[in-house]
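>>> build me a structure from this.
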Amino acid sequence: AADRSVRIGRGQCLEQYGTSEAYLPVLEAIGRLCREERQLVDVLRRLAPMWLLQMPSLVSASDRQSLSREVLGARRERMLREMGEALEALTADKPLVLILEAVKYLQQAAENAVRRFAYQEAVVLSRRGLEVLAKLPDTPERAQQELWLHITLGVPLIATEGYAAPDVGTVYLRARELCRQAGETPEISQVLWGLWTFYVLRAELGTAREIAEEFLRLAERLPYPGFAMRAHLVMEVTFLHLGEFAPAMEHFETALSLYDPERHLEDAFQYAQNPGVAMRCFASWALWFLGKPDQALDRIQETLTLARELSDPHGLAHALLFAAILHQLRREERLAQEYAEAVLAVASEHGLVMYQAQATIIRGWALIGQGQPEEAIEQMRQGLAAYQVTGCELMRPHFFALLAEALGKARKADEGLGGLKESLEAAQSNGDVSYLAELYRIKGELLLSQVTGRSVSRAAPSGKDVIAAEPPAVGRAQGCFDQSIQIARKQKAKSLELRAVMSVARLYQNQGKREEARDLLAQIYDTFTEGFGTADLREAKALIDGLSEGVRH
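Predicted coordinates:
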């Protein structure tokens, strides 16, 4: 019966009717559990009509056409559910070893679905396997199978619900418990990675750092392939969000030296994305913060090339999103919008909800430069709301800084300041401080906008506006700029320091302190060795030249 269930019409049905290889292990398990061929045919008639299409003695010609439509249509989800129910019914009176074998087939089918990027199907199959296991006595064999199922379930859950979704945390916490029971087996790498991503995306960076450091300690004594590479990758990402950009790059360089494109080709199916894509994405951001915007651009282009070669939708969405945000950091609205829209296309096709939300925010930001602040605000709010639904808190301060900037341009400084207050408190409490310097700089600009009545823009307010403003209000704005500079210097974030110094220089310019403004700005500008074509450095050079001309006259 088992041989017949796998053999009948397999090749022709796969070719003609799109029958998925993912289902074959489940059907084989059903075949093994059926006592006779008649029982097998009854089960297959209900579950998988594609296996009956080549059996003319059982199915009429007129029925075959309708059966093929069912296979290709909405019946797929029902088939998956009923396959699991059939397995559960057939295993009710079977020995433990046969039940575990049946569950293993479900897991294999789920893995096949992940490899086809059919994430919803993988979730259904994995959960059905766990439901069957839940009714079995607690044995080491059962625990090992449960561990494998949780690991298999983690990746499609991340794709469909987001890294920080509560279900993701539940799955990996249970997997960690099972790992402790089994000892330090190779699965510990996937489990620690899953737990770390859950906590880092929820912006619980203290816990995420503890897990990353445990990862690194274990890598020193466990010889599992790729373990050390991934340990340095998680340290890279953790340090970046903690605002420690130079250490982040050190871990990136180590991770890159340990990365083998061939050996880690399968990682996208076990860790949701290829590490070669992930590590380069975060390195591109770190380079921009460190004042190397051209190197950052080169690195993200490498990443995009690799992601496109791999053809993994999750990794491609990740790379496109990082490109969109890098162009946002470089203040290149058109390119940021193009990449954000590319993210939306991939994410919509594959149900990648977290990337959809983030890309919506960046696309909204791009509209600010096109003179559409109201539409920008609406899109960014929609994206932030969708992002919150996924459970993600990481980078919310960054995203709200972009919204606050848009609110300032729409002459809604009070509203922007209210949101910034909440974002500043969140960043300082959870450690997500990579954009903290920019939060303070934008706060200073909004404070000036509030007292002058002008919208926030890169151009400085007129001298008359500043002189007429209440000295305490101007002092509070300068205090924010000074705090921004202090944070940026501590983080070695030269790109953010340059922006904050430009804000101070414009303020000094309008207070008549042109020489002091020029010297302050020239000091940071002269430390840059690249990126002179970017908007920030072009504006800084123009401001220095204008201040110098004013000093001479």
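>>> contacts and neighbour counts: CA atoms only from here.
OK.
>>> so who does I377 touch?
Taking CA atoms under 8 Å, 6 or more residues apart in numbering as the criterion, I377 is in contact with 364-365, 403, 406-407.
>>> shaky segments in the stretch 401-550 of the chain?
Applying pLDDT under 70 to the stretch 401-550 of the chain flags the ranges 453-470, 550.
>>> meant to ask about the chain, not that
When residues are selected by pLDDT under 70, those of the chain lie in 1-97, 268, 453-470, 550-553.
>>> now the strands for it?
Under the criterion DSSP state E, strands are not mapped anywhere in the chain.
>>> now which of the contacts of I377 would you call buried?
Burial by neighbour count, 16 or more other CA atoms under 10 Å: within those this picks out 364-365, 403, 406-407.
>>> closest to R518 among these?
Closest to R518 out of the buried ones among the contacts of I377 is A406 (28.3 Å), distances taken as CA to CA.
>>> so what's that closest one closest to, chain neighbours aside?
Nearest residue to A406, sequence neighbours excluded (CA to CA, 6 or more residues apart in numbering): P373, at 5.7 Å.
>>> helices of the stretch 101-250 of the chain, start to end?
For the stretch 101-250 of the chain, the helices defined by DSSP state H, counting those that start in this stretch occupy 119-133, 140-161, 166-182, 188-201, 205-219, 227-241, 245-258.
>>> how about CSV for the ones you listed, with distance to Q358 and mean neighbour count added?
Listed next are the helices of the stretch 101-250 of the chain as CSV, based on distance: least, CA to CA, whole Å; neighbours: other CA atoms under 10 Å:
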stretch, distance to Q358, mean neighbour count
helix 119-133, 20, 22
helix 140-161, 14, 22
helix 166-182, 19, 18
helix 188-201, 13, 24
helix 205-219, 20, 19
helix 227-241, 16, 25
helix 245-258, 22, 20
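>>> can you tell which of those helices is closest to A426?
helix 205-219 (11.8 Å).
>>> so what secondary structure elements neighbour that closest one?
helix 188-201, helix 227-241 (3 or more CA pairs under 8 Å, 6 or more residues apart in numbering; DSSP states H and E).
>>> contacts for it?
Helix 205-219 has contacts (CA under 8 Å, 6+ apart) with 189, 192, 195-197, 199-200, 227-228, 231-232, 234-235, 238, 242, 430-432.
>>> about what we covered before: the buried ones among the contacts of I377 in helices, which ones?
364-365, 403, 406-407 (DSSP state H).
>>> list just the nearest of these to Q486.
Nearest member of these to Q486, counting by CA to CA, is L403, at 23.5 Å.
>>> ok, now how distant is that closest one from Q382?
As judged by CA to CA, to the nearest Å, L403 and Q382 stand 11 Å apart.
>>> also G408?
In terms of CA to CA, G408 sits 18 Å off from Q382.
>>> of those two, who's got more company?
Each of G408 and Q382 has its neighbours counted (other CA atoms under 10 Å); G408 has more, 27 against 16.
>>> can you pull the contacts of the residue nearest to A406?
By CA under 8 Å, 6+ apart, P373 lies in contact with 367, 406-407, 409-410.
>>> ok, now with 10 Å
Counting by CA atoms under 10 Å, 6 or more residues apart in numbering, P373 touches 364-367, 379, 403, 405-411.
>>> closest one of these to R299?
Nearest to R299 among these, with distances taken as CA to CA, is A366, at 22.1 Å.
>>> hmm, that closest one is touching R330, no?
No: between A366 and R330 there is no contact under CA atoms under 10 Å: 11.7 Å.
>>> with neighbour numbers in mind, choose between the two.
A366 (27 against 22).
>>> for that one, what are its contacts?
324, 327-328, 331-338, 340, 372-373, 376, 402, 406.
>>> mind doing that once more with 6 Å?
Shown in contact with A366 (CA atoms under 6 Å, 6 or more residues apart in numbering): 333, 337.
>>> return the distance of it relative to Y435.
Between A366 and Y435 the distance is 18 Å, computed by CA to CA.
>>> adding distance to Q483, write the ones in helices among the buried ones among the contacts of I377 out as a markdown table.
Shown next, in a markdown table, are these (distance: CA to CA, whole Å):
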| residue | distance to Q483 |
| --- | --- |
| G364 | 28 |
| W365 | 25 |
| L403 | 21 |
| A406 | 22 |
| L407 | 22 |
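>>> endpoint to endpoint, stretch 304-315 covers what distance?
End residues of stretch 304-315 are separated by 9 Å (CA to CA).
>>> identify each buried residue in that stretch, please.
Buried residues in stretch 304-315 (16+ other CA under 10 Å): 304, 306-307, 310, 312-315.
>>> same thing with stretch 416-436?
For stretch 416-436, by 16+ other CA under 10 Å, it's 416-417, 420, 423-424, 426-427, 430-436.
>>> tell me which of the contacts of P373 is nearest to R489?
E405 (22.6 Å).
>>> which residues does A340 contact?
324, 359, 363.
>>> let's see it at 8 Å
By CA under 8 Å, 6+ apart, A340 lies in contact with 320-321, 324, 359-360, 362-363.
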